[in-house]
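A.B. asks: here is my input, please return the structure:
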Amino acid sequence: MWLKPEEILLKNAFKLWVTEKDNEYFVLQRRRGYGEGGGGLTGLLVGTLDTVLDSTSKVAPFRILHHTPDSQVYWSIACGATKEEIVEHWEWLQQNIMRTLSVFDSSDDITSFVQGKIRGLIAEEGKVSLVLEDDPEKFREALLRFEKWFELPQKEKLVTYYSCSYWKGRVPCQGWLYLSTNFLCFYSYLLGAEVKLVISWDEIWRLEKTSNVILTESIHVQAHGEDHYFSMLLHLNETFLIMEQLADYSIKRLFDKESFQREPALSDPLQITKSFFALPLRGLETNARSEQFRAFFRLPKEENLLEVHESFLWVPFSHYNTLGKICLSENYLCFASQDGSQCHVIIPMREVQCIKAHTPAIRGECQSLINHFEDNPDDVTLMVGQKGSSKAVSTEALMTVFHPQDVENLDPKMLKEKMKEQSWNIHFSEYGRGTSMFFTKKTRDLIVRGVPEALRGELWMLFSGAVNDMATHPGYYTELVEQSLGTSTLATDEIERDLHRSLPEHPAFQSDTGISALRRVLTAYAYRNPKIGYCQAMNILTSVLLLYAKEEEAFWLLVAVCERMLPDYFNRRIIGALVDQAVFEELIREQLPQLVEHMTDLSFFSSVSLSWFLTLFISVLPIESAVNVVDCFFYDGIKAILQLGLAVLDYNMEALISCHDDAEAVTILNKFFDSVTNKDSPLPPTVQQASVGNNDKASHVSVDISELIREAYEKYGTIRSEEVESSRKRNKLYVIQTLEDTTKQNVIRVVSQEVKFSASHLDELYYLFKRQHFLSCYWTMNSPVLLHHDPSLAYLEQYQLGFQQFSMLFSLLEPWTLCTGKSNLSLWVFRLIDENQDGLVNFREFYTLYSGSFTNKLKFLFKLHLPPASIHSFFFFSYQTQFIQFSKTLYNLFHGDPEEEALYRAVAHVTSLLLRMEEVGRRLQEPSSPTKPATATREGLPSEEAVTSPESSDASSTHSGQDAGSSLSEVEWSFSFEQVLASLLNEPAIVSFFERPTLIQTRLDQAKGTQLKVKANK
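C.D. replies: Numbering: from 1, shown residues only. Here you go, the predicted structure:
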């Protein structure tokens, strides 16, 4: 089998191994004690040692090593249990690798190529092994155990399962970990002790890989304030990746559904399953890879990664082949190196110039890639170049209007600006210009030194990927402007309010030209993306974009920032910014331990740095310095902002350590930002932004922004984008759950003033309500409660239940546990508390079931039996059947109560008394007295409710709107609530029943244990 290349020491190894075959680059060895001759005494000792060792420690008897003639380092790349197996690998190397190695000039390139090829072979073997391990019979058996042990609804789909240990305290429980679409489950049964764990993905706060003294490596899951550890996993990294994908999938689908709508491949949770005929988690894995692909190459959201091929790219400026991978999507061919050169290139299919015939060497594995370009390929390979007609992005912008460059001006700053332009022109001549330019280390070096004013707009469009968005959507912005013109929404009102607050010192935004352009861009984007609409900080960012880019280009740059580069930043809860602040805190702990020792509470840095992230430092730095930060952001993404934030704290380390409170620290940072300058900026003072604390500037040494950025890259440039993305995923769970917990605390604070429950009981009640909400969302994307879920709503209204979900929860939590006729009662209750008649009940409406005195509870029951149109207009029974049904409901409530007999007698006494009172009143009533209105048509209820309403539940006394007035005596018959209340107050048994404290803890405990089972039985 092929092995992940590992460096080995051969100083004493030859005593244990015998070389069978070798050549210039590879060595095939046999372990002494195996094969012919046995190897004498040394072979006997080696063979004995290998026999004593257990299977996990045994060494394969054959291996292949890689080396180069001018290096003493050897790399193990393959091993085998038999000679036939290792010889097969050796022959493959001779036929496929040896011929290629002659084209390399250096040993390092040869080793990099061999290692990359071996890793590719291991990846291919992994795919094959996954298919072989995907045994339908074993999976079917696991599915049956999963359904039996956890009793989840039939719609819940098992994705995969693993054998592992679950640590409960200090004792591990060996069992099975089951990962399904919505739940993480574990089951163990050893020596009569059963351990069962069910955690929904949307309840997880932390998901991370950890290690300690006891557990060398494990997966840590935190939910409901409890920590769970899973270890002894055969494929821990694979398991963690799947868990991370499922948790992210759940968060997007349930909490962040607006961004999830862009991913139709995963829109149906019933399709996220382990098919018998496909690789496990095909949808999730494909989606995750496509996300990484789009993020790295800054491609439009419509692009999906179709194929990946290992290949060489001829780099004309260095005159050598660089090893890397070709990534193919629907409309782009991309290449990224893997040899440390940090070279990548993006080629739009629209830019492909020609396809040339070449050698047949690459035909096999790249055939499908070739098919993408020719209908009937015949041993061809791909040659691409830029079209001669490809034009650079236009850079006409507000800055050119309000600050045109003076060609005659030859002052030192302008001379330096011209030198920068010349450096970039030389770079373009070597590495290309436009969409197919090579991105290398040199490109980043030029970015760090500063982008010339004349090229800034062009390079922003190129680095952000906005140039591709605009090229593939011609005329889109113009249409949006026309469609949004004259619209009046909350977003447009907010835009109008902030227009003149956007860079007010700059001449461009002191005129109608700049203000009108800003209005059009922001309004068009709010029209394009109503989920975001308009948020504060968007105006500041867009103002800077308009300075250096044309209006349409500024729009597409805003799209790139809001929808790709800073996801979830510009919404009501600014989740993306909070996540990146959590990432920033982690980096502070890692990179600035001295500061952490002094300031153990890093939440201060989260609050002070929020504007750094939301505005890319534009709001805290002078505009001529801030644009240099924006240059780095468009090239390196959020990593550039994180690096600069660390550099700012590092520069002010001593001052921050010596400060006594947060206010002093804020002052230190503000004075520092005021002292930042751009000594190379060619902008005149009328264009440059005045510093807020300019009067104190003389007391502080000025800091050049280019030097600050260079220092940030030198000290913290080792931070990898992959690590940042991993940290983002890890912290997103915690940030969202923290926001959800804040929502819950606000709800409890409000509700506790109206309900006589403890905070812990309200906490559990809210948890059950929210969980019931999600139970209606787990198995469909079209659930009404999910479609209507809006995090921007008031705290009490964010989560809602439809009638079916309410009915299930009501059956678990209703105050009258033994009540008969629960289905009718739950329907009437739902109709009554659904105040806006939208078919949904929120928590504010739900908790009214548990509030109020005896009078309020009785009034609630009374109103249940009134028609919808009568609830708020008049407060008495219009028909005899309503009173009869009210009496029946009271009988049903008392069923099974210890005082049932006394309660029945009390109800009978009250009923007969009220009937006699009504009879007397009817005799005294004049025949000409006005009649009461007929029942109104019911609105806003589920379709099944019409057949079980209070007025129609008794078949012998059903009344329709037409026959309601057929009997004069029926219409004139009435009881007021006051009459009923006065009569019932005279019955101590009934008063005691309604004033009896509700055993809420018992009901909550039972509901938590049976909530999923009730759903499963439906």
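A.B. asks: average pLDDT for the helix ranked longest in the chain?
C.D. replies: Taking residue count as the measure and DSSP state H as the definition, the longest helix of the chain comes out as helix 721-751. Per-residue confidence for helix 721-751 averages out to 88 on the pLDDT scale.
A.B. asks: what about that helix, distance to the chain center?
C.D. replies: The gap between where helix 721-751 is centred and where its chain is centred comes out at 11 Å by CA atoms, centre = their mean, to the nearest Å.
A.B. asks: and the next helix or strand past it?
C.D. replies: Once helix 721-751 ends, the next helix or strand along the chain (criterion: DSSP states H and E) is helix 759-775.
A.B. asks: and that following helix, what's buried?
C.D. replies: Across helix 759-775, burial judged by 16 or more other CB atoms under 10 Å covers 761-775. Heads up, the C-betas are built off the backbone N, CA and C, glycines and all.
A.B. asks: what are the buried residues along the longest helix of the chain?
C.D. replies: 724-725, 727-737, 739-740, 743-744, 747-748, 750-751.
A.B. asks: helices and strands around that helix, which ones?
C.D. replies: Using 3 or more CB pairs under 8 Å, 6 or more residues apart in numbering; DSSP states H and E, the elements in contact with helix 721-751 are strand 204-210, helix 236-254, helix 282-297, helix 575-591, helix 638-651, helix 759-775, helix 843-846.
A.B. asks: next, the angle from that helix to strand 204-210.
C.D. replies: 150 degrees (axes from the mean of the first three to the mean of the last three CA atoms, to 10 degrees).
A.B. asks: angle of helix 721-751 against helix 575-591?
C.D. replies: When the same axes, to 10 degrees is applied, the directions of helix 721-751 and helix 575-591 differ by 120 degrees.
A.B. asks: now the angle from helix 721-751 to helix 759-775?
C.D. replies: Going by the same axes, to 10 degrees, helix 721-751 makes 120 degrees with helix 759-775.
A.B. asks: now the angle from helix 721-751 to helix 282-297?
C.D. replies: Using the same axes, to 10 degrees: helix 721-751 against helix 282-297 is 110 degrees.
A.B. asks: taking helix 638-651 as reference, get the angle to helix 721-751.
C.D. replies: For helix 721-751 against helix 638-651, the angle by the same axes, to 10 degrees is 80 degrees.
A.B. asks: now the angle between helix 236-254 and helix 721-751, please.
C.D. replies: Using the same axes, to 10 degrees, helix 721-751 lies at 50 degrees relative to helix 236-254.
A.B. asks: just checking, which helix or strand of this protein averages the lowest pLDDT?
C.D. replies: Least confident element among the helices and strands of the chain, by mean pLDDT, DSSP states H and E: helix 968-972 (a mean of 43).
A.B. asks: how about the helices and strands packed on helix 721-751, which one is nearest residue 484?
C.D. replies: Each of those was checked against residue 484 via CB to CB, and the shortest separation belongs to helix 575-591, namely 24.7 Å.
A.B. asks: buried residues of the helix or strand that contains residue 657, list them for me.
C.D. replies: Following DSSP H and E, the helix or strand that holds residue 657 is helix 653-658. Neighbour counts using 16+ other CB under 10 Å place residue 656 of helix 653-658 among the buried residues.
A.B. asks: alpha carbons only: can I get that helix in PDB?
C.D. replies: As requested, C-alpha coordinates have been extracted for helix 653-658 and formatted as PDB (Å, rounded to 0.1, in the frame of the first residue of the first chain):
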ATOM      1  CA  MET A 653       1.600  46.700  23.800                       C
ATOM      2  CA  GLU A 654       3.400  48.600  26.500                       C
ATOM      3  CA  ALA A 655       0.800  51.400  26.600                       C
ATOM      4  CA  LEU A 656      -2.100  48.900  26.800                       C
ATOM      5  CA  ILE A 657      -0.400  46.900  29.600                       C
ATOM      6  CA  SER A 658       0.200  50.000  31.700                       C
END
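A.B. asks: what's in contact with it?
C.D. replies: Applying CB atoms under 8 Å, 6 or more residues apart in numbering, the set of residues contacting helix 653-658 from outside is 592, 594-595, 598-599, 649, 665, 668.
A.B. asks: follow-up on the earlier one: list just the nearest of the buried residues of helix 759-775 to residue 634.
C.D. replies: Nearest to residue 634 out of the buried residues of helix 759-775 is residue 774 (CB to CB; 38.4 Å).
A.B. asks: that closest one touches residue 183, doesn't it?
C.D. replies: No - in this structure residue 774 lies outside contact range of residue 183 using CB atoms under 8 Å: 11.1 Å.
A.B. asks: between the two, which contacts overlap?
C.D. replies: The contact lists of residue 774 and residue 183 share residue 200, where a contact means CB under 8 Å, 6+ apart.
A.B. asks: re earlier: got the buried residues for whatever helix or strand comes next after the helix holding residue 657?
C.D. replies: Sequence order places helix 662-675 as the next helix or strand after helix 653-658, per DSSP H and E. Buried positions in helix 662-675, judged by neighbour count with 16+ other CB under 10 Å: 665, 669-675.
A.B. asks: from these, which is closest to residue 190?
C.D. replies: Within the set of the buried residues of helix 662-675, residue 665 lies nearest residue 190; the separation is 54.4 Å, counting by CB to CB.
A.B. asks: surely the closest one touches residue 672?
C.D. replies: No - at 10.8 Å, residue 665 does not count as touching residue 672 under the criterion of CB under 8 Å.
A.B. asks: how is this structure divided into domains?
C.D. replies: Here the domain parsing of the chain from the TED database is 2-34+54-120, 156-255, 282-351, 398-684+701-731, 755-919+976-1012.
A.B. asks: turn those into CSV, including distance to residue 144.
C.D. replies: Below are these laid out as CSV (distance: least, CB to CB, whole Å):
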stretch, distance to residue 144
domain 2-34+54-120, 31
domain 156-255, 10
domain 282-351, 23
domain 398-684+701-731, 33
domain 755-919+976-1012, 18
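A.B. asks: between these, which gets nearest to residue 138?
C.D. replies: In this view, the domains of the chain are compared for proximity to residue 138 by CB to CB, and domain 156-255 is the closest at 9.3 Å.
A.B. asks: so what's the residue count around the closest residue to residue 298 other than its chain neighbours?
C.D. replies: Spatially, and ignoring its direct neighbours in sequence, residue 298 is nearest to residue 465 (3.1 Å; CB to CB, 6 or more residues apart in numbering). When neighbours are defined as other CB atoms under 10 Å, residue 465 has 26 of them.
A.B. asks: now do the helices in the stretch 301-450 of the chain.
C.D. replies: 363-371, 398-402, 412-431, 441-449 (DSSP state H, counting those that start in this stretch).
A.B. asks: closest to residue 533 out of the ones you listed?
C.D. replies: helix 398-402 (24.2 Å).
A.B. asks: and the closest one, what does it pack onto?
C.D. replies: Using 3+ CB pairs under 8 Å, 6+ apart: helix 398-402 touches helix 512-528, helix 538-548.
A.B. asks: tell me what whatever helix or strand comes next after the last one is packed against?
C.D. replies: Following the chain from helix 538-548 toward its C-terminal end, the next helix or strand by DSSP H and E is helix 551-560. For helix 551-560, the packing partners by 3+ CB pairs under 8 Å, 6+ apart come out as helix 456-464, helix 466-472, helix 476-484, helix 512-528, helix 538-548.
A.B. asks: export those helices to a markdown table and tack on mean neighbour count and mean pLDDT?
C.D. replies: A markdown table is the format used below for the helices and strands packed on helix 551-560 (neighbours: other CB atoms under 10 Å; pLDDT from 0 to 100):
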| stretch | mean neighbour count | mean pLDDT |
| --- | --- | --- |
| helix 456-464 | 25 | 94 |
| helix 466-472 | 22 | 92 |
| helix 476-484 | 16 | 91 |
| helix 512-528 | 21 | 92 |
| helix 538-548 | 25 | 93 |
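A.B. asks: out of those, which comes closest to residue 799?
C.D. replies: helix 512-528 (26.9 Å).
A.B. asks: tell me what that closest one is packed against?
C.D. replies: The criterion is 3+ CB pairs under 8 Å, 6+ apart, and the helices and strands that helix 512-528 contacts are helix 398-402, helix 476-484, helix 490-498, helix 538-548, helix 551-560.
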